[in-house]
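>>> Prediction below, plus the sequence it came from.
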Amino acid sequence: MEKFFKLKERGTDVKTEVMAGITTFMTMAYILAVNPGILSASGMAFGKVFAATAITSAIATLIMGIVANLPFALSAGMGLNAFFAYTVCLGMGYSWQWALSAIFCEGIIFLLLTFCNLREAIVNSIPPSLKKAIAAGIGLFIAFIGLQNAGIIVGGATLVELNAKWYAGPAGVAMIGLVITSILLAKKVKGALLIGIIATTIVGIPFGVTTYAGGSYLPSAPYFAEFAFKDIFASGQSTFDFIVVMFTFLFVDMFDTVGTLIGCAGKSGIVGKDGSIPNCKEALLADAIGTTVGAVLGTSTVTTFVESASGVAEGGRTGLTAVTVAILFALSLFLEPLFGSIPSAATAPALIIVGVMMITPVTEIDFSDYTEAIPAFLTMLFMVCAYSISDGIMFGILAYVIIKATTGKSKEISSMTWVVALLFVAKIVVKAL
């Protein structure tokens, strides 16, 4: 394992990597319950989607660990699954088989773009200041997700507000967990995030927040290649909608993955001096294969998870962390009720603390140069306020290009950055139409 994963070279060991993998899995295990719940609104069977999610996540994450040797985990992307169920199926009226066809085609295009090194070129084209802003923005985004998952922050007259009963119920349990996890971290206890999750889960029992999910321990069979390609060309409108939907999945997934890779790699300290991410192409390949396999088995677009940062924060530096996550995803097929018993209130404190850890790159941004500061700030701001990593990157890139070009600094804009900016402009135009 030392030779294969290069543990000493990256300053880690087997115990640390396994602990990091368990932590990452615990913080993202919610997807095994949430994704089937969302996709079932389109008419898909909960059990089959659960199985598809677990198997696809295991395959994609295993590729990330073995081929890319990076400590990142993948699963069905949040937001994209809601677009699948509520917009494409319920809103536009298309079948889930039709939507899976669009995702399958997206996955094939992803594979081609990856082999052509185009996706890797996009990652490397993002300016250093924006890479730091993306890392910090994802930290804020993760913390915000944690606050929402726990019910500490809720919707209100001011769009978001503090829950009036933040001290009670799941929110109260999460606050207790935040205190426990913070103390463990401050005392530099090894595995602080994982211990915090377990401790908070136990604290939730007398409050009725942690309950046994129940159900069968025998895994369901996933869907397999249930597409509806014949319906794509049923009418001109159907064909146009298919192209728009496919490229929407493609675009959002591409920049969500790019943002997560940059953010988590930056925190892990494995980014090269030139800002490049080692084995970036292989990491993007894992994402592309995951999306394609996921469509075949019956789940929405697969992407690299921001919760991977929790494992990185625990010391995960190699693919052994990802392999650990993959194994746990495979085992979860038989342990659905057990993992379903871990409440969001238990994982929320870990996500909030990860936000603290990931915001540190913001100190390296030159805020005295407004051509760097404004795009970086907008990147972070829109990630949280628009609830989207890809939208944050979009506003950051566009602001960077516009400000640099209009202040006599166009030479600082690389040719690939111009291409990425034009892609975002194209996205805006298509959406407006």
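Sure, I can see it.
>>> So which other helices or strands are in contact with the helix or strand encompassing T53?
Element membership of T53, judged by DSSP states H and E, is helix 46-63. Counting by 3 or more C-beta pairs under 8 Å, 6 or more residues apart in numbering; DSSP states H and E, the packing neighbours recorded for helix 46-63 are helix 31-39, strand 74-76, helix 280-297, strand 302-304, helix 319-331. Using the backbone N, CA and C atoms, a C-beta is placed for each residue, glycine as well.
>>> and these, which one's lowest on average pLDDT?
Lowest mean pLDDT of those: helix 31-39, a mean of 85.
>>> any idea of the angle it forms with helix 319-331?
60 degrees (axes from the mean of the first three to the mean of the last three C-alpha atoms, to 10 degrees).
>>> From the chain's centroid, how far away is stretch 350-357?
In terms of C-alpha atoms, centre = their mean, to the nearest Å, the centre of stretch 350-357 is set 15 Å apart from its chain centre.
>>> coming back round to it: may I see the helices and strands packed on helix 46-63 arranged in a markdown table, with distance to V271 and mean neighbour count as well?
Below are the helices and strands packed on helix 46-63 laid out as a markdown table (distance: least, C-beta to C-beta, whole Å; neighbours: other C-beta atoms under 10 Å):
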| stretch | distance to V271 | mean neighbour count |
| --- | --- | --- |
| helix 31-39 | 26 | 23 |
| strand 74-76 | 20 | 30 |
| helix 280-297 | 10 | 25 |
| strand 302-304 | 15 | 30 |
| helix 319-331 | 16 | 26 |
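>>> I'd like these written out as JSON lines, with distance to E17 added.
Below are these laid out as JSON lines (distance: least, C-beta to C-beta, whole Å):
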{"stretch": "helix 31-39", "distance to E17": "22"}
{"stretch": "strand 74-76", "distance to E17": "17"}
{"stretch": "helix 280-297", "distance to E17": "17"}
{"stretch": "strand 302-304", "distance to E17": "18"}
{"stretch": "helix 319-331", "distance to E17": "4"}
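>>> Give me the phi and psi angles of K187.
As for K187, its main-chain torsions (degrees, to the nearest 10) stand at phi -80, psi 0.
>>> My error: substitute E161 in the last question.
E161 adopts backbone torsions of phi -160, psi 170, taken as degrees, to the nearest 10.
>>> In contact with it, which residues?
Contact partners of E161, counting by C-beta atoms under 8 Å, 6 or more residues apart in numbering, are I153, V154, G155.
>>> Among these, which one is most surrounded by other residues?
Neighbour counts for these, by other C-beta atoms under 10 Å, peak at I153, which reaches 19 neighbours.
>>> what's across from it in the sheet?
Beta bridges link I153 to L162, judged by DSSP bridges.
>>> so it sits right up against L162, yeah?
Yes: using C-beta atoms under 8 Å, I153 makes contact with L162 at a distance of 6.5 Å.
>>> could you pull out the helices for the stretch 1-150 of the chain?
With helices called from DSSP state H, counting those that start in this stretch, the stretch 1-150 of the chain shows them at 2-5, 14-28, 31-39, 46-63, 80-82, 96-115, 118-125, 128-150.
>>> Quick check: which of the ones you listed is nearest to V312?
Each of the helices of the stretch 1-150 of the chain has some distance to V312 by C-beta to C-beta; the shortest is helix 14-28, at 7.1 Å.
>>> other SSEs contacting the closest one?
helix 192-203, helix 308-313, helix 319-331, helix 344-358.
>>> gap between it and the chain center?
The chain centroid and the centroid of helix 14-28 are separated by 16 Å under C-alpha atoms, centre = their mean.
>>> what are the phi and psi angles of G191?
Per-residue torsions, G191: phi 80, psi 30 (degrees, to the nearest 10).
>>> Enumerate every residue touching it.
Counting by C-beta under 8 Å, 6+ apart, G191 touches M19, T23, E314.
>>> which of these lies closest to R10?
Checking these against R10 by C-beta to C-beta gives E314 as the nearest, at 13.9 Å.
>>> just checking, that closest one touches V18?
No: counting by C-beta under 8 Å, V18 is not a contact partner of E314; they are 10.0 Å apart.
>>> between the two, which one's more packed in?
Legend: neighbour count by other C-beta under 10 Å for E314 and V18, higher for E314 (25 against 17).
>>> Tell me the spacing between the more buried one and A376.
Using C-beta to C-beta, to the nearest Å, we find E314 at a distance of 27 Å from A376.
>>> Ok, A168 next?
38 Å.
>>> The two: which is more packed in?
Here A168 and A376 are compared on neighbour count by other C-beta under 10 Å; more neighbours surround A376, at 27 against 13.
>>> Please, which helix or strand holds that one?
Using DSSP H and E, A376 maps to helix 370-385.
>>> Contacts for that helix next, please.
Residues from elsewhere that reach helix 370-385, judged by C-beta under 8 Å, 6+ apart: 127, 129-130, 132-134, 136-138, 140-141, 144, 259, 362, 365-367, 388-389, 391-397, 399-400, 403-404, 407, 409, 412.
>>> Would you enumerate the residues in contact with A309?
By C-beta under 8 Å, 6+ apart, the residues touching A309 are I138, G139, I142, G263, C264, K267, V354, M357, M358.
>>> Apply 6 Å and report the result again.
Taking C-beta atoms under 6 Å, 6 or more residues apart in numbering, we find A309 in contact with C264, V354, M358.
>>> Between the residues you listed, which sits nearest M175?
Of all the contacts of A309, M175 sits closest to V354, with 16.7 Å by C-beta to C-beta.
>>> and that closest one, how many neighbours?
For V354, the count of nearby residues is 29 (other C-beta under 10 Å).
>>> Run a quick check on it versus I142, I expect a contact.
Yes: using C-beta atoms under 6 Å, V354 makes contact with I142 at a distance of 5.3 Å.
>>> Report the secondary structure state of I342.
Taken by DSSP: H, G, I helix; E, B strand; the rest coil, the conformation at I342 corresponds to coil.
>>> just use 53 as the starting number from now, easier for me
Okay, using 53 as the starting number, the last item reads as I394.
>>> what's the spacing between it and I250?
From I394 across to I250, the span is 9 Å (C-beta to C-beta).
>>> Show me which of those two is the more surrounded one.
With neighbours defined as other C-beta under 10 Å, I394 and I250 compare such that I394 has more, 21 against 16.
>>> Report the contact partners of the more buried one.
If you count contacts by C-beta under 6 Å, 6+ apart, I394 has them with T253.
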